[in-house]
Every structure is written in structure tokens, then in C-alpha cells.
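Participant: dropping a prediction and its sequence here:
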Number of protein chains: 2
Amino acid sequence: MPISGFPEWLPPQRMIEQYALDKIRSTFELYGFAPLETRAVEPLETLLSKGETSKEVYLLRRLQEEDPSARSDDQLGLHFDLTVPFARFVTENHGKLQFPFRRYQIQKVWRGERPQEGRYREFLQADIDVVNRDTLPFHFDTEMPLVIGDAFRSLPIPRAVIQVNNRKVCEGFYRGLGLSDTAQVLRTVDKLDKIGPEKVAAALVETAGATDAQAQACLKLAEISASDGSFVDRVRALGVDDPLLDEGLSELLQVVETAGEHAPGLVRAELKIARGLDYYTGTVYETQLVGYERFGSVCSGGRYETLASVGNTRFPGVGISIGVSRMFGILFGQNALSVSRSVPTCVVVAVPSDDRRGDCERIAMALRRRGIPTEVAPTAAKFGKQIQFADRRGIPYVWFPGAPSSGAAASDTVKDIRSGEQVEADAATWEPPAADLKPVVSAS
Amino acid sequence: MPISGFPEWLPPQRMIEQYALDKIRSTFELYGFAPLETRAVEPLETLLSKGETSKEVYLLRRLQEEDPSARSDDQLGLHFDLTVPFARFVTENHGKLQFPFRRYQIQKVWRGERPQEGRYREFLQADIDVVNRDTLPFHFDTEMPLVIGDAFRSLPIPRAVIQVNNRKVCEGFYRGLGLSDTAQVLRTVDKLDKIGPEKVAAALVETAGATDAQAQACLKLAEISASDGSFVDRVRALGVDDPLLDEGLSELLQVVETAGEHAPGLVRAELKIARGLDYYTGTVYETQLVGYERFGSVCSGGRYETLASVGNTRFPGVGISIGVSRMFGILFGQNALSVSRSVPTCVVVAVPSDDRRGDCERIAMALRRRGIPTEVAPTAAKFGKQIQFADRRGIPYVWFPGAPSSGAAASDTVKDIRSGEQVEADAATWEPPAADLKPVVSAS
């Protein structure tokens, strides 16, 4: 039985996801990110120390545990993101790493959400992060959207728009307005898309000590959105002055301008973006696929100054995470992607009779040695049935071994079952057209 | 803090593992196996229904669970292998799959072992399986070792020997001897390497109702080992007669002879091999790396006739599983593998001054567009320090942007920091030697 929140793809979908993961990885590596995996579990205290998601942790216990109630200090939980484990890994291994340390990490994460919410409880994330000792230059914040832009452009998916904000802009603005509990204001404004401006304004008055005018100013800030540097003047026009606001505007401008130069149309300054998790301190990113905005962000992240530290040494970082399961769940749900066949196989070697299976295996071996994915048909059924075996899976070629006894007429042939064209072929030299070698993934 | 049993590799080790996984995957795909992932969790009853490992299951519970004691029927546990989840997936989706269904699956599995045993509690497996509806032709059992042989030969690791046995040989032999509790005999003989022949003989007498002569015959069978078909005569010479024994010998001979033709030296018939898990019914495989025999099997599997069924329809299968974490844990422990650099990066673009960072990014973009992994140096430090940045990571090339103002002398140069050779270069056309493009993994 399917378990709610634990999605599983059928093989063609997994082929599409795997294809996308290869492209994503390859982009990450082009930017010099090294691969990393961390264990799936963390001590509960590590998970509880960061972020709101701590509520949704899955705890582990061994079925044969002697006395489950006796222990509590060494409880293990499944990680709910890849940033908290990465920060832990960095602090644990900082003596063995070269800084700035750039890594990518593609792994499952788990969240113990209530089943009825229809959210994933197990899903795949693809993260990049850069951390440094003491301070991390700001230009890394401008690089993140470029990497994601390249990764997404390598996939047959709708255009992505990365919405960027900076918590320093919000916090500086709120502080400059005279609101002291900036975290509470941020959390409240973050609900804008869910509950609407009126309820946010009311909540700001009730829970964050705002006057009506202050609440309206917060909403005005959240309305600002621009694909170029014009957002700076629009914030200035609200008449709030604060050094942290200045710093945030300058940083946000750098992100928008760098993206504008290298990847026009990729990034928007969107001043309502806040990100739920607690650990971000500056730049924050969210990403929408054009035409799929209603499904929310498929790639998010930000700058964190204080997530990792050892004694007095801090390891600030910036990172971004592609919600792979989320993105493909959305696209599969809309039948937006297709793959040309449901197996990697390019050629099926037909088996004329059971005693020829050894010959067929030798042909398959010769093709595989030259990188051509090949299967031998499972049984020596009638050729029509063996062609059907290939056809049902979308395999383009069927190979017919020549008769072993019949001198000059003994050549093998290979048939393109789409066109019906059949030609003589030698397993030591024949090559399929490059486009047929691997399954082709495309928008459908 | 490291958690006992949950290994984590440093980035260079993860690069080696990742390289190996790519090679393994590529071999699996050459044989037409399609990718599959299943969720990490299964209902406890699914996990408990198969195999001895059920004892070692990790159960999940949500931290915010209302009343953990109230529920028991819908408990979820982490999977302990990939075969049981695969069988469940097949029965759940059989109407949507094409049979015979060939899939590979590369995922973490978890076993709630006692920490003190020093075993992994989280580890990566790379499995291939073929299942069919009703019956599965035996030739698939002969294919498994060939796939693994090809996968292992693509890696810079010691030579592998796949030890093969067939439970029908053992069970038929025990039955032909007059022993009825063949499962108990098998479990006892399986302890041979751990407790030695004398204790096994004693245990056979005590727990399986064997006479001394029967126990000795069982030990004689277990002693038989051969890289060719000669094992058949040696079994016959023990004078036991049974139809299941005949069937098993014929099957085992096919595995040994097929491997002998395609991959001499890869496979041995080893009649003491039993495999602990309950679900195997015929062929069983274990694999040792030559010189690393004392570390045990790094790749195991077998034929299972009855693991998956829907009503009266059975889905028999055969599969084999590379213990990726186990194998690399052993090889890393012996420093048997090395990688030429600790990052994917091939070129570092040096930054002459902060105002030139934009130029440097443009150079990096041009190189990346042609598939050359490139980083821009993190700061405009002295060139000596920027070269050191590359050197510490094993990055072979440093790129120096030409001065923007100085007319004809404005060419960029690229330096091979291993040889010191520095040449003029254009980011639109320069290519590193093919051997430098990606990190090289080799035996060390």
C-alpha cells in the first residue's frame, strides 16, 4: 500500500528524475562544488537547536530496544534538511577541510508532518553551500542564483524565476520604523500569501506591538518587487532610515545586478520573501516555475552567519536547495515531462532458439563494450513477440543474429522497429545514431 | 560528534565513492536495468515478514506524536535491505510494469545493530534484480555475476571473486542424507567460518537431529570449492542421491560455465555459502576482494521464488547487491584508493583586484559553458596566495586575466601549477588535456 507523504515514482519517472539529477550535479561540479553526503540521522538536540521544523522530526528507536523509556539524552532523529547536518559536519571536521568550502549534497530528508496535510514526509533535496571561517565574502550570495539558473536551464522544465530578498532590509526597515520585535514582524509578514494583507496588519498590531501606520508601512515594503535596481528608490520613498536597511539594500542590489548581467530575467527582488526557517540572517531565495507559481517555491535558501561555530570561531555560509521531489511531483502531476523509453536499453538481441543464447550473449557483450546498452531477449519466443518485447519498452533496435551454419549469408541484421528499416550489421562496429543511444527526456 | 555505525566520508572519499557509483550505474544501464528508488520506510509488518534481519529494524515515531503507545498496526520502520521493498513495490505496481522487470536501486539502508558490534547501522547498497510473473528463466541467474564482474572491473579496486552456491544443492543433499530439518542444517553450516567444523558438527547432532556420519557428510559437502565444473563429480562422489540435488547441481553448473566463458576467474562454486537471509531458494552469491577476504563479502544476493506474490500470482526474482559503504569502508581503511584532487574544479580564475571580479566571472562562465569546471578565487589576495588556494586542493590550472587597459599585451594566460608552464590562452577556445578535465581516481 502507498504510504501518504512517501512518494514513489514509476521507472519512467525515476529515469526523468535521474536524468535531471545528473544535469544538476554536472552544473554543480562545473562551479567547483565537491560532493558530500552526511548520515541521515542527527542527535535530537542538534535538530532541535535550529529552525521551526524541529517540531516535525522523526525519532528512531531500535525494535529490540531494551528499555525505550530509559534513554533520552542520546536520541537520534532523521534530518529535516541538509543545511543543519552540513553545519554540524563542518564544525566536526573543520580541521580537515579547505575553506572556503564548497559542497553539493543530494539526499533524502524527512519531516514528520501530519499525514492529512498532503505534504511530502520524505523528499529529495539537492543543495549547494559555501562556508568559510570567520567571514564569507558577499559575492558568494550573488553566485547562488547563477548556479541554479544554469542547472535549471539544462532541464526541459518551465522557466524559473528566483525571488530574492534580504532579511537585513526587513529587519532594518522594521527597526527604523520603531518596531523592536523584528523576528515577530518577519514571521507575521511571512504569512501574507496565506492570510492576506488585512489579517497580517491586524496580527502586526496584536502580536508585534505595531501601530496601524507601522503595520501599513510593513505591508508597503512587502509589496515592492522589481527585476532591476529600481526597488532601492521605492524602499527609500517609504522614508525609513536605518544602517542595517542600507546594508541590506546594498547587498540585495548586488544580487539583482549580478544576475541581470549574467542571466537576464532570472532574478527578481521580492521584498515579501522571508523564509520560515530561523537560521537565515541576510539574503534569502525562493524560486517559482513560470506557470506553476501556485505550487510555491521549488528552490530556496539563504545566508546564515551563525549556524555553525566552534568555540569563538564562526563558519558563516550561504546556500540554496532544489526541492527535487517537490519540483518533479508538480511536473509529473501535470504530465509536463516525458521520456522516449522506459528502460536504458538501446538494443534487444533476439534469440532464434534456446541453443543460440550463448551467441546472443556474445553479441550483447560486444555492443556493451562499446557503450551501447543491450539486453538479450528473455526467451526464444517467436520473433514477433520478441519485437513486441522491445516495442512495449520503447527500445528502438532489435538485433537478429545470422544463422551460424549458412556461410556467406550468415550476417547479423539490426532493425529499427520504429521505421521498419533492417540492415546488415556487425556487433564489433555498428553504432546507433547518437540521439538513440540514451533515452531522451523532454517537455511533453 | 561521530555516531557509531553511521559512517561519513570526507569530500575526497566521497568523490571516490561517487566516481565508483557512476561507473556501477553505467554498467547496470549497459545491461538494461532501469533506475528505481523506493521510499526509505515500510510498514513494520512488511519488514517482519521476511528474513532474520527483522530483529534489527529501526522504528520511526513523530516527535510530536499525540500518544505513541496507542498505535501499533501502522508502525513504520526504515528498510534494512532493498530486496524486500522492491518485492513490495512489484506487488503494488505489477499492473504498471513490463515483465521481466529489470531494475537497479542505489540507496541507503539501516539496521538497528547493537552499537558495540562495530558494524554499520547506515550504509549504501547498489542492487540489481530481475523479476518476472509466474516463472523466471534460469539464465538470469547466470547473468548476475557477469554484470557485477563488469562493474567491478571498471573500478580501480582489487580483483573480485564471486562465490556461488545453490540452496537446492544443500537442501537436496541434506534431504538425500535423511535430514528433514534442512533449514536448521543450512543455518548451522552457515556458521562454519565463525565457529569451525567441530562445533558445526556438534551443533548438527544437537539441533538438527543428525548422526555423526550425517554431520560429517554435511561438512564434506561444505568443503567443496572449484572454479570449474569439477565440483559436480566431487558432490556425486559423496554418494547422496536426490532430485532436488540434481536440479541444484545443474543450475550451479550453468552459472559456473557461463562465467567461465565470458569472465574467466570471476566465479567459483563454493558449497559452504548459504547467506543468512531467509528468502533465497536457489542460487546464492557472495563476493570477496582478493587480498581482502578477511573482511567478508562485499556483494551478495541470490534467487528468491516466493518473496513477492499477489493472490495466486508469484513474482520470482534473482538479484545481487553491492555493499558500497562496506566495500569503500574497507578500502578507505587500507588507504587503497586515491583521487587526484579534492574538488571537481579544473581551473581557478585568479582575481587581480576586487574591481575585476566581474571580468573573472565572465572568464569562468566561458570555460564552464564548454564543460570545464571552474571557480573564481574567493578574494583578490596576492597571486601567490591564490595559487596556493588551487594547490591545496590539487586544482591543476590557474587562469590570469590580462590587464584590461594594456592594448596588445592584454592576453589572458593560464598556468599549469604542477609544471609551472604558463601560456597565453583564450577562455573561448582553451581546453585542458582530457586527463586533467576531471579528478582521476586510482589505486594507491
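Facilitator: That came through fine.
Participant: so where's chain A shaky on pLDDT?
Facilitator: By pLDDT under 70, the weakly predicted segments of chain A are A:50-55, A:66-73, A:115-118, A:276-277, A:405-409.
Participant: tell me the contacts of the most centrally placed residue in chain A?
Facilitator: By Cα atoms, centre = their mean, chain A has its centre lying nearest to A:Ile322, at 2.4 Å. By Cβ atoms under 8 Å, 6 or more residues apart in numbering or on different chains, the contact set of A:Ile322 is A:24, A:125-127, A:148, A:151, A:298-299. From N, CA and C alone the C-beta is placed, and that goes for glycine too.
Participant: output those residues as TSV; include the columns neighbour count, distance to B:Arg159 and secondary structure.
Facilitator: Shown next, in TSV, are the contacts of A:Ile322 (neighbours: other Cβ atoms under 10 Å in any protein chain shown; distance: Cβ to Cβ, whole Å; DSSP: H, G, I helix; E, B strand; the rest coil):
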residue	neighbour count	distance to B:Arg159	secondary structure
A:Ile24	23	35	helix
A:Gln125	21	38	strand
A:Ala126	24	36	strand
A:Asp127	24	37	strand
A:Ile148	28	43	helix
A:Ala151	24	39	helix
A:Val298	26	45	coil
A:Cys299	26	44	strand
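Participant: and which of the residues you listed is nearest chain B?
Facilitator: Comparing these against chain B with Cβ to the nearest Cβ places A:Ala151 closest, at 11.6 Å.
Participant: identify the residue spatially nearest to the closest one, adjacent ones excluded.
Facilitator: Once flanking residues are discounted, A:Ala151 sits nearest to A:Thr27: 4.0 Å by Cβ to Cβ, 6 or more residues apart in numbering or on different chains.
Participant: show residues contacting stretch A:290-298.
Facilitator: Against stretch A:290-298 from outside (Cβ under 8 Å, 6+ apart): A:158-161, A:163, A:286-289, A:322-323, A:326-327, A:330-331, A:334.
Participant: determine how far the last residue of that stretch lies from the first.
Facilitator: Distance between the two ends of stretch A:290-298: 11 Å, counting by Cα to Cα, to the nearest Å.
Participant: tell me how far that stretch lies from the chain's centre.
Facilitator: Distance of stretch A:290-298 from the chain centroid (Cα atoms, centre = their mean, to the nearest Å) equals 14 Å.
Participant: touching chain B at all, stretch A:82-93?
Facilitator: Yes: contact of stretch A:82-93 with chain B (Cβ under 8 Å from any Cβ of the partner chain) involves A:89, A:92-93.
Participant: now that stretch - C-alpha only, PDB.
Facilitator: Only the C-alpha atoms of stretch A:82-93 are listed here, as PDB (Å, rounded to 0.1, in the frame of the first residue of the first chain):
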ATOM      1  CA  LEU A  82      20.600  19.300   4.600                       C
ATOM      2  CA  THR A  83      21.800  22.600   6.000                       C
ATOM      3  CA  VAL A  84      21.800  21.700   9.700                       C
ATOM      4  CA  PRO A  85      23.700  18.400   9.100                       C
ATOM      5  CA  PHE A  86      26.100  20.300   6.900                       C
ATOM      6  CA  ALA A  87      26.800  22.900   9.500                       C
ATOM      7  CA  ARG A  88      27.300  20.100  12.100                       C
ATOM      8  CA  PHE A  89      29.700  18.300   9.600                       C
ATOM      9  CA  VAL A  90      31.700  21.500   9.100                       C
ATOM     10  CA  THR A  91      32.200  22.100  12.800                       C
ATOM     11  CA  GLU A  92      33.100  18.400  13.400                       C
ATOM     12  CA  ASN A  93      35.600  18.300  10.500                       C
END
